[in-house]
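Enquirer: build me a structure from this.
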Amino acid sequence: MAKAWLIRPFPHDIDRLSNFKSDNIIAIGWPEVSSLVGKDKNEIREILRNHPKNYSPSQLGAALATVNIFVNEISKEDFIVVPYEDDIYFAKVTSDYFFETTKISDGYPHQRKIEWLK
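Expert: As a prediction, the model looks like this:
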């Protein structure tokens, strides 16, 4: 059964809605973290525990939830809700999680392909 997930278009605290729309993607930040393909929740926790931001326990929990959901829980055919100013955009996930190396310096390498719904 398909699920719906809320994704804000501000990976690495930069407005990326136009990139999301033109490239048919959703993404999260964490450009300091390399590919998480095949990593489970415990492995992601250990990676984030060593993050340069030196997360407090509560910050680590929030970061872990966000990253793990994006990497391991969102599935193809799930729906994405993207609130933006006075609008709400809807999309369907069309790919597994992937790491886009060309977007590391832009701050949003952790991605999924989507199809925007009209």
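Enquirer: quick one: name whatever helix or strand follows the longest helix that the chain contains.
Expert: Using DSSP state H to define each element, the chain has its longest helix at helix 57-68. The helix or strand immediately downstream of helix 57-68 is strand 79-84, counting by DSSP states H and E.
Enquirer: residues of that following strand that come out buried?
Expert: Residues of strand 79-84 classed as buried: Ile80, Val82 (neighbour count, 16 or more other Cβ atoms under 10 Å). Heads up, the C-betas are built off the backbone N, CA and C, glycines and all.
Enquirer: pairing partners for the very next helix or strand once past it, with directions?
Expert: Counting by DSSP H and E, the next helix or strand C-terminal to strand 79-84 is strand 87-93. When pairing is defined by DSSP bridges, strand 87-93 lines up against strand 79-84 (antiparallel), strand 110-116 (antiparallel).
Enquirer: among those strands, which is nearest Lys39?
Expert: Nearest to Lys39 among those is strand 110-116; the distance by Cβ to Cβ comes to 11.2 Å.
Enquirer: center of this protein, which residue is that?
Expert: Closest residue to the average C-alpha location of the chain: Ile28 at 3.2 Å, with Cα atoms, centre = their mean.
Enquirer: of all the strands paired with strand 87-93, which lies closest to Thr94?
Expert: Across the strands paired with strand 87-93, Thr94 has its closest neighbour in strand 110-116 (4.8 Å, Cβ to Cβ).
Enquirer: chain center to that closest one, what's the gap?
Expert: Its chain's average C-alpha position is 9 Å from that of strand 110-116, according to Cα atoms, centre = their mean, to the nearest Å.
Enquirer: again with stretch 87-107
Expert: Computed by Cα atoms, centre = their mean, the chain-centroid distance of stretch 87-107 equals 7 Å.
Enquirer: same question for stretch 1-9.
Expert: 10 Å.
Enquirer: buried residues in it?
Expert: Neighbour counts using 16+ other Cβ under 10 Å place Trp5, Ile7, Pro9 of stretch 1-9 among the buried residues.
Enquirer: can you check stretch 48-64 too?
Expert: Here stretch 48-64 shows Leu48, Tyr55, Leu60, Ala63, Leu64 as buried, counting by 16+ other Cβ under 10 Å.
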